[in-house]
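Asks: return atomic coordinates for the entry below.
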Amino acid sequence: MKPTISRSIDVPAEPAAVWSWVTDLPRMGELSPENVGGRWLDGTGPALGARFRGRNRNGELNWWTRVRVVAFEPDRRFAFDVRTPFGSRVSRWEYVLAPSAAGCLVTENWYRIGSWVVRKFMGPRVTGRADRPGYNARSIEHTLAALKARAEA
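Replies: Modelled structure (predicted):
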């Protein structure tokens with residue numbers, strides 16, 4: 001499956017450090033402009049098949065999502081599927097890490113996999129974002145810049 005949006009950045013940190021940041025979904029709100037964190041369900045933490053309840057915000061709008069980890073390759077690849085509270089598929093997010101001369105090349109991918117009903121009606125109404133791909137391109141760039149800034153701090 002080809003990502004809908006993909007962006008990369010060199011981060012001056014070892015892949016293991018970056019891995020610990022991108023798999024810490026409860027603290028993702030420190031990096032993301034829309035996600036404000038959440039919690040692992042069943043006390044599992046990041047692992048293949050682990051479930052997470054994500055929280056998001058856009059101004060006065062707040063919503064939560066169901067998340068399941070679908071790829072977990074330590075220091076290399078982390079991906080999770082997002083669903084609505086009703087179970088409808090929304091998207092897949094993926095982080096791919098590779099050693100680089102700077103430390104770690106981080107690629108963030110977003111896959112639009114939701115149904116047209118979610119894309120056309122539910123998503124814009126719940127999130128307040130009519131142009132989800134356009135917003136997510138800017139969101140990914142923000143998140144990657146925040147990862148780099150964390151490494152440089």
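Asks: and the helix or strand harbouring residue 150, what's buried?
Replies: Element membership for residue 150 (DSSP states H and E) is helix 132-152. For helix 132-152, the neighbour count (16 or more other Cβ atoms under 10 Å) marks 132, 135-137, 139-140, 143-144, 146-148, 151 as buried. Yep, even glycine has a C-beta here, placed from its N, CA and C like the rest.
Asks: next one: stretch 118-130
Replies: 118-119, 122-123, 126-127, 129.
Asks: centre of the chain to it, how far?
Replies: 18 Å (Cα atoms, centre = their mean, to the nearest Å).
Asks: what about it, how long is it end to end?
Replies: End-to-end distance for stretch 118-130, by Cα to Cα, to the nearest Å: 11 Å.
Asks: what's that stretch in contact with?
Replies: Outside stretch 118-130, the residues within contact range by Cβ atoms under 8 Å, 6 or more residues apart in numbering are 34, 56, 58-59, 61, 63, 84, 88-90, 112, 114, 132, 135.
Asks: and if you look at stretch 27-47?
Replies: 21, 23-26, 50-58, 64, 67, 69, 72, 78, 127, 135, 138-139, 142-143, 146-147, 150.
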